[in-house]
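[1] Sequence plus predicted model, see below.
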Amino acid sequence: NRALGDLIRQAKANSVPVDNINRAIKKASEASTGDFAARTFEAYGAGGASMVINVLTDNDNRANADVRTAVGKNDGKMAEQGSVLFMYDRKGKLQFPGAADEEALMEAAIEADIDDYELISEEGEDGEISLILVEPSDTNNMFEVIKGLGFEKGLTMELGYVTKAPVEVSDEDFEFNMKIIDALEDYDDVDSVEHNMSN
């Protein structure tokens, strides 16, 4: 199962112990385990901010109620399906500490049949951090490329939504929106919350 292989590589890249991975696989394969389903919710915050809420749940009703409660109690607004998502692209995100040599990365990516990627360098607390965005189907190949360039330590990989139209909001609106995001992330079913705030 390719999806399972991707998840195992992602878990290993994020330093999840092998015992935890095996325990999770065993638990998920037991007949008594409920069926988990991925769901995506969309919401609006203040100052033109939008949010994509990724949920993994075994109870749709509970997840729906929790997400709506977190957004509503913090004065956000739930959005119709598709009204926010069209402003985002689904991408593979690979992040690692250090600065990648752009030329070496490009050569290795071409050799691995990766046509399209974006390299973003940011200054972190412990030095430079590199983020590479690729098409979801190229995520594993890019993971191997980055490892081959010597950046295995601290390398993380995930699939997520990346905004096509970043919005800079006021400090007040940023705080307001972060309250919504924090409330959402308090729920176990919420896997991640992506937003379009650039600040």
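    Looks like it arrived, so ask away.

[2] buried set for the helix or strand hosting residue 39?
    Assigned by DSSP states H and E, residue 39 belongs to strand 37-44. For strand 37-44, burial by neighbour count (16 or more other C-beta atoms under 10 Å) applies to 39, 41-44. C-beta here means a position set from N, CA and C on the backbone, and glycine is covered the same way.

[3] just curious, which of the residues you listed is nearest to residue 77?
    residue 44 (4.6 Å; C-beta to C-beta).

[4] isn't there a helix covering residue 26?
    Yes. Residue 26: assigned to a helix according to DSSP: H, G, I helix; E, B strand; the rest coil.

[5] Based on its surroundings, how many neighbours for it?
    10 (other C-beta atoms under 10 Å).

[6] Give me the pLDDT value at it.
    For residue 26, the pLDDT comes out at 71.

[7] just residue 102 next, same as before
    90.

[8] How about the contacts made by it?
    Listed by C-beta atoms under 8 Å, 6 or more residues apart in numbering, the contact partners of residue 102 are residue 119.

[9] roughly how far apart are it and residue 111?
    Per C-beta to C-beta, to the nearest Å, residue 102 is found 15 Å from residue 111.

[10] between the longest strand seen in the chain and strand 37-44, what angle do the directions make?
    In the chain, assigned by DSSP state E, the strand with the most residues is strand 88-97. Angle, strand 88-97 to strand 37-44, by axes from the mean of the first three to the mean of the last three C-alpha atoms, to 10 degrees: 100 degrees.

[11] Follow the chain on from strand 88-97 and name the next helix or strand.
    Using DSSP H and E, the first helix or strand after strand 88-97 is helix 102-111.

[12] which other residues reach the host helix or strand of residue 132?
    Here residue 132 sits within strand 127-134, counting by DSSP H and E. Here strand 127-134 makes contact (C-beta under 8 Å, 6+ apart) with 91-100, 105, 114, 116-123, 142, 146, 151, 162.

[13] count of neighbours near residue 61?
    Residue 61 has 8 nearby residues by other C-beta under 10 Å.

[14] For it, what are phi and psi?
    phi -60, psi -40 (degrees, to the nearest 10).

[15] returning to what we had before: dump whichever helix or strand comes after the strand holding residue 39 to PDB, keeping only the CA atoms.
    Next helix or strand after strand 37-44 toward the C-terminus (DSSP H and E): strand 50-57. Taking Å, rounded to 0.1, in the frame of the first residue of the first chain, the C-alpha atoms of strand 50-57 are listed here in PDB:
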ATOM      1  CA  SER A  50      -9.200  32.000   5.400                       C
ATOM      2  CA  MET A  51      -8.500  28.600   7.000                       C
ATOM      3  CA  VAL A  52      -8.400  25.100   5.800                       C
ATOM      4  CA  ILE A  53      -9.000  22.700   8.700                       C
ATOM      5  CA  ASN A  54      -7.800  19.100   8.200                       C
ATOM      6  CA  VAL A  55      -9.500  16.500  10.400                       C
ATOM      7  CA  LEU A  56      -8.900  12.800  10.800                       C
ATOM      8  CA  THR A  57     -11.900  11.300  12.700                       C
END
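
[16] Neighbouring strands of strand 50-57 in the sheet, and parallel or not?
    Note on strand 50-57: by DSSP bridges, its sheet partners are strand 37-44 (antiparallel), strand 190-195 (antiparallel).

[17] Many thanks, have a good one.
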